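> Here's my sequence, what's the structure:
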Amino acid sequence: MPWLILILIILAVVFGPGLWVQRVMKRYSRPKDRYSGSGGELARELLDRQGLTTVKVELTEKGDHYDPSEKVVRLSKDNLDGRSLTAITVAAHEVGHAVQDARGYQPLKARTRLVGVAQQAQRFGAMVLIGAPLIGLLTRAPSIAGLMLLGGFLSLGSATLVHLVTLPTELDASFRRALPMLRDADILYDVDVPHAQRILRAAAMTYVSASLMSLLNIARWWALLRA
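Got it, this is the predicted structure:
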């Protein structure tokens, strides 16, 4: 019974934030026509207000994000074309990242550099995982668990690190950038302000959810190696 309780607690900790984020986003995605302008239109307006006229707004199928290398705010179809509270709030959040980039916000620069390093580490880790069995066959080493462990941590651990260090940047984009921009532009209905704050908190927490899932993958990998 204690093991069952422990497992349930771990599952709640790992999956709880992600489920909460999905619930919040879905709840405020209706009504779909709550605002007169779409998320994409709002993003364009906010960017122009900040003097970021060269930053583009595009459709994406890979999740809402700002690309600092391409200087593009990318929004999913629902948030680009949608007129719900979720659509305009998420759009403002991503514009917040564009403002961070334009203002030289150091944590965003550090995260961008870390992403590049993590991508290299993930590629190297994948090569280690692929090559470890061959190395073991050629060297006839009694165990290649250490090499496999190294490959697994490089592949999975680097992603976890990126997700964890991203949280302060996400909170800044939500509450020091997006929310003031929405207030200054007089976009939100007064009754929607606390709900928008909840959405902005959920937008930041997506990376907490992703980091917890990455940690779960590492734990599963470690369990497989020990089996």
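
> so how far is Y189 from Y35?
Using Cβ to Cβ, to the nearest Å, one obtains 8 Å as the distance from Y35 to Y189. Using the backbone N, CA and C atoms, a C-beta is placed for each residue, glycine as well.

> The two: which is more packed in?
Y35 (20 against 12; other Cβ atoms under 10 Å).

> Below-threshold pLDDT in the chain: ranges please.
1-3, 6-14, 118, 121-122, 124-158, 210-227 (pLDDT under 70).

> Do a quick rundown of the strands in it.
With DSSP state E as the criterion, the chain has strands at 56-59, 65-67, 72-75.

> The last one - contacts with which helices or strands?
Under the contact criterion of 3 or more Cβ pairs under 8 Å, 6 or more residues apart in numbering; DSSP states H and E, the helices and strands touching strand 72-75 comprise helix 39-49, strand 56-59, strand 65-67, helix 85-102.

> ok, it: who's next to it in the sheet?
strand 56-59 (parallel), strand 65-67 (antiparallel) (DSSP bridges).

> Any buried residues in it, and which?
Residues V72, V73, R74, L75 are the ones in strand 72-75 that count as buried (16 or more other Cβ atoms under 10 Å).

> contacts for that strand?
Strand 72-75 is contacted from outside by 39-40, 43, 47, 55-60, 62, 64-67, 90-91, 94-95, 97-98, using Cβ atoms under 8 Å, 6 or more residues apart in numbering.

> Pretty sure R83 sits against G37.
Yes: with contacts counted by Cβ atoms under 8 Å, R83 reaches G37, the gap being 6.7 Å.

> For burial, what's the neighbour tally of L167?
L167 has 16 nearby residues by other Cβ under 10 Å.

> Name the nearest residue to it, ignoring sequence neighbours.
Y207 (5.6 Å; Cβ to Cβ, 6 or more residues apart in numbering).

> Do I have it right that the one you found meets L171?
No: assessed by Cβ under 8 Å, Y207 is found out of contact with L171, at 9.9 Å.

> Tell me which of the two has more neighbours.
A count of neighbours by other Cβ under 10 Å puts Y207 above the other of Y207 and L171, at 20 against 16.

> Deepest-packed of the helices and strands packed on strand 72-75, please.
helix 85-102 (a mean of 26; mean count of other Cβ atoms under 10 Å).

> Next, the angle helix 39-49 makes with that one.
Following axes from the mean of the first three to the mean of the last three Cα atoms, to 10 degrees, one obtains 30 degrees for the angle between helix 85-102 and helix 39-49.

> Output the contacting helices and strands for helix 85-102.
Judged by 3+ Cβ pairs under 8 Å, 6+ apart, helix 85-102 is in contact with helix 2-27, helix 39-49, strand 65-67, strand 72-75, helix 77-81, helix 106-139, helix 179-184, helix 193-226.

> CA-only coordinates of that helix, as PDB, when you get a sec.
What follows is helix 85-102, C-alpha atoms only, in PDB (Å, rounded to 0.1, in the frame of the first residue of the first chain):
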ATOM      1  CA  LEU A  85      -9.200  35.100 -24.200                       C
ATOM      2  CA  THR A  86      -6.700  32.200 -24.500                       C
ATOM      3  CA  ALA A  87      -5.800  33.300 -28.000                       C
ATOM      4  CA  ILE A  88      -5.000  36.900 -27.300                       C
ATOM      5  CA  THR A  89      -3.300  36.100 -24.000                       C
ATOM      6  CA  VAL A  90      -1.000  33.500 -25.400                       C
ATOM      7  CA  ALA A  91      -0.200  35.800 -28.300                       C
ATOM      8  CA  ALA A  92       0.800  38.600 -25.800                       C
ATOM      9  CA  HIS A  93       3.000  36.100 -24.000                       C
ATOM     10  CA  GLU A  94       4.900  35.200 -27.100                       C
ATOM     11  CA  VAL A  95       5.300  38.900 -28.000                       C
ATOM     12  CA  GLY A  96       6.700  39.300 -24.400                       C
ATOM     13  CA  HIS A  97       9.600  37.000 -25.600                       C
ATOM     14  CA  ALA A  98      10.100  39.200 -28.600                       C
ATOM     15  CA  VAL A  99      10.400  42.200 -26.300                       C
ATOM     16  CA  GLN A 100      12.900  40.400 -24.100                       C
ATOM     17  CA  ASP A 101      15.000  39.700 -27.200                       C
ATOM     18  CA  ALA A 102      14.800  43.300 -28.400                       C
END
